[in-house]
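1. Need a 3D model of the sequence below.
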Amino acid sequence: MNILKYNGYEGTSEIDMEQKVCRGVILFIDDVVTYKADSPKELQQEFEAAVDDYLETCEHLGRKPQKPLKGQFNVRISPLLHKAATIKALEENTTLNEIVGKAIDIYLKGTQDINRNITVQVSAKGDAIKTFSATASSETTWEEGLTNVH
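-> So this is what the prediction gives:
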């Protein structure tokens with residue numbers, strides 16, 4: 001689905017083959033604001049007019065227009081993944097929200113190759129130091145990366 005954008009608002013763009021019109025609705029607000037047009041080009045214009053009308057109506061009624069999103073939502077994940085993310089947040093002296101935000105940002109940007117290098121130094125007899133390294137890519141889970149030590 002193509003998303004229309006204007007003045008900080010987003011809206012849908014659909015084709016109704018039965019009625020032979022394009023139509024849509026402003027997204028992410030509780031009010032239902034719809035628009036329709038005879039062509040896709042006109043639909044963008046009607047969407048913009050609907051947003052402007054919504055803002056004018058809110059002003060006329062003396063109420064604040066709703067913001068498209070608050071930036072707050074609930075996510076359900078496995079307890080193991082929750083624990084791993086919480087530990088990562090503690091290790092990086094940040095919050096779980098920051099960790100989740102970074103992960104979503106990486107996903108949305110389509111970053112394919114995320115490499116994690118882990119270096120472990122082990123003291124052996126005679127104070128010799130051996131260094132092992134492990135690399136995990138986006139195709140390797142964080143659990144596999146810890147076991148792929150060479």
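
2. show me where pLDDT drops low in this protein?
-> Applying pLDDT under 70 to the chain flags residues 111-150.

3. domain ranges for this protein?
-> By the assignment in automatic domain parsing, the chain contains the domains 3-61, 74-111, 113-150.

4. For Gly101, see how far away Lys88 is.
-> 13 Å (CB to CB, to the nearest Å). For the C-beta atoms, the positions are set from N, CA and C on the backbone; glycine is no exception.

5. Looking at those two, which one has more neighbours?
-> Between Lys88 and Gly101, counting by other CB atoms under 10 Å, Lys88 is the more crowded of the two (16 against 13).

6. where's that one relative to Ser39, distance?
-> 49 Å.

7. before we move on, the earlier item: nearest to Pro68, of the domains of the chain?
-> Among the domains of the chain, domain 3-61 comes nearest to Pro68, with 4.0 Å by CB to CB.

8. chain center to that closest one: distance?
-> Mean-position distance between domain 3-61 and its chain equals 23 Å (CA atoms, centre = their mean, to the nearest Å).

9. So what's the residue count around the residue lying closest to Ile26 once chain neighbours are set aside?
-> Residue nearest to Ile26 in three dimensions, not counting chain neighbours: Val33, with 4.3 Å by CB to CB, 6 or more residues apart in numbering. By the measure other CB under 10 Å, the count of residues near Val33 is 17.

10. would you list every one of the helices in this protein?
-> 40-61, 79-91, 96-109, 142-147 (DSSP state H).

11. ok, the most centrally placed residue in the chain to Gly110 distance?
-> The centroid of the chain falls nearest to Ile104 when counting by CA atoms, centre = their mean (4.6 Å). Using CB to CB, Ile104 is found at 12 Å from Gly110.

12. that older thread, which ones are touching the residue nearest to Ile26?
-> By CB atoms under 8 Å, 6 or more residues apart in numbering, the contact set of Val33 is Val25, Ile26, Ala50, Val51, Asp53, Tyr54.

13. Quick check: it vs Lys102, distance?
-> Val33 is 34 Å from Lys102, where distance means CB to CB.

14. do the same with Gln44
-> Applying CB to CB to Gln44 and Lys102 gives a distance of 33 Å.

15. And the two? Which one has more around it.
-> Higher neighbour count among Gln44 and Lys102: Gln44, with 20 against 13, using other CB under 10 Å.

16. My guess is the more buried one contacts Asn2. True?
-> No - at 9.9 Å, Gln44 and Asn2 do not qualify as touching, with contact defined as CB atoms under 8 Å.
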